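Chemist: quick one, what's the 3D model for this:
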Amino acid sequence: MCNCNDPNLPTEANAAKGWCIASLVIGIIGCINFLGGTNGLLGGVGGLLMIVAGAMPICCIKSEKGTGGNAGCIYKGSFACLLLAAILEVVCIAMIGIALSAVNEVDVNGLNKLRDFALTILYIAVGITAIVFVFASIAAYKCLRAFQAIASNGQKA
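Modeler: Residues are numbered from 1 along each chain as shown. As a prediction, this is how the structure comes out:
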């Protein structure tokens, strides 16, 4: 299980574990984007990547005194997944923005309430995607710092 205060790892690595727990939770929320159809598909994939990236440091690190075990590789992999998730979230925001502009142009007398409902859903999707992007970016930075700290301590990277 997770040992978030592992004495065999640098402080940065232990701090990154906390952000990985947050990325698990936010990644689950990010999977809501799958409900957005084609426009939310990439955001949902980003959420799945965050779940994978968050689970890796929590369950897979085998730290050893002096060598760091596999922590460097795990944090490097988490960084890559989180960076890709952040990029996918930005693309998802752009795609939802295109959908927002298309829905906003609809002006049919009987469909105004439906249009307003669709706009509300799309704005919520943009908000969720933006939150996921922010957490993915911060967690990616923390994993990068953890990897750098492990590598600078002369431990296996």
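
Chemist: can you list contacts of stretch 17-29?
Modeler: Outside stretch 17-29, the residues within contact range by C-beta atoms under 8 Å, 6 or more residues apart in numbering are 2, 4, 47-51, 53-58, 78, 82, 85, 128, 131-132, 135-136, 138-139, 142-143. Any C-beta I mention is one placed from the backbone N, CA and C, and that applies to glycine too.

Chemist: mind checking pLDDT for residue 148?
Modeler: pLDDT, residue 148: 92.

Chemist: over to residue 55?
Modeler: pLDDT for residue 55: 93.

Chemist: again with residue 157
Modeler: With respect to pLDDT, residue 157 has a value of 49.

Chemist: tell me what the biggest helix by length in the chain is packed against?
Modeler: For the chain, the longest helix by residue count, based on DSSP state H, is helix 112-152. Applying 3 or more C-beta pairs under 8 Å, 6 or more residues apart in numbering; DSSP states H and E, we find helix 112-152 packed against helix 11-30, helix 41-60, helix 71-104.

Chemist: could you redo the last one with a cut-off of 6 Å?
Modeler: Helices and strands touching helix 112-152, by 3 or more C-beta pairs under 6 Å, 6 or more residues apart in numbering; DSSP states H and E, are helix 11-30, helix 71-104.

Chemist: tilt between the longest one and helix 11-30?
Modeler: Which is helix 71-104. 30 degrees (axes from the mean of the first three to the mean of the last three C-alpha atoms, to 10 degrees).

Chemist: for helix 71-104, what does the pLDDT average out to?
Modeler: Here the average pLDDT along helix 71-104 is 91.

Chemist: again with the shortest one
Modeler: On average, the pLDDT along helix 11-30 is 90.

Chemist: flag every buried residue along that helix.
Modeler: 12-21, 23-24, 26-27, 30 (16 or more other C-beta atoms under 10 Å).

Chemist: same deal with the last one?
Modeler: Using 16+ other C-beta under 10 Å as the burial criterion, the residues of helix 71-104 that qualify are 71-79, 81-90, 92-93, 95-96, 99-100, 103.
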